[in-house]
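[1] Take a look and give me a structure for this.
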Amino acid sequence: GEMGISRGMQAAGCRRAGAGGHRAGGAAQGRGAETYSPMRIEHVEIGAGGVYEQSLPEGWTCIVYVRRGTVAVGGEEVGMHETCQLARRGGDGLSLACVGGRAADVLVLAGEPLGAPVVASGTMVMNSQAEVDRAVIDYRRGEFGLPWEHTLSDEEWARRCDERQAERGRGTGGGVDEDGVRSPFP
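    Predicted coordinates:
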């Protein structure tokens, strides 16, 4: 199917969190989350010296976030906690080469551009100012979950999420902000 090809000395593999779930006639195709446009979300682990390659359709947006290690993307090195965006050229595809002598762990986000209006405010990106305003309120109420601490291990992050969920179940958390919105964050 559309699964990426892992090549190289020790390429460890790819887990797809959402892919091929585009709606067509009301039914989802392929595996992953149901979406309104074609997209891929991939967690890729590449061993030292390994290479990960993935084809991308013409015009797709692709962003790579490096969680650990260093990868070469289009001749440029992208280090831990850095993000790069690829040009929207089909045929080139995505090639990630692990460099620096230790394994790399990356998040690949790719999809067909929606062509919808974009309104941004801080970290919120929506289609209208009213949607941004609603997202800010939802965030303050804790509807987005915990703010992500990118330096934590996956295990530590999962533990914090579990603790937070338990606290929310008991009704504990933060106070009330200046707008009268209860925050779940201490």
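
[2] how about the helices of the protein, start to end?
    Secondary structure of the chain, counting by DSSP state H: helices at 129-140, 154-170.

[3] Relative to W148, which of those helices is closest?
    Closest of the helices of the chain to W148 is helix 154-170, at 7.5 Å (criterion: Cβ to Cβ). All C-beta atoms are positioned from the backbone trio N, CA, C, and that covers glycine.

[4] mean confidence for that closest one?
    For helix 154-170, mean pLDDT is 82.

[5] Same check on stretch 106-122?
    Computed over stretch 106-122, the average pLDDT equals 90.

[6] buried stuff in it?
    Under the neighbour-count criterion of 16 or more other Cβ atoms under 10 Å, stretch 106-122 has 106, 108-112 buried.

[7] what do you get for stretch 75-91?
    For stretch 75-91, a neighbour-count test (16+ other Cβ under 10 Å) marks 78, 80, 86 as buried.

[8] Kindly report the same for stretch 133-144.
    135-136, 139-140, 142.

[9] pLDDT-wise, which helix or strand of the chain ranks last?
    strand 5-8 (a mean of 32; mean pLDDT, DSSP states H and E).

[10] circling back to that earlier point, quickly name whichever of the buried residues of stretch 75-91 is closest to W60.
    Ranked by distance to W60 (Cβ to Cβ), these are led by L86 at 8.7 Å.
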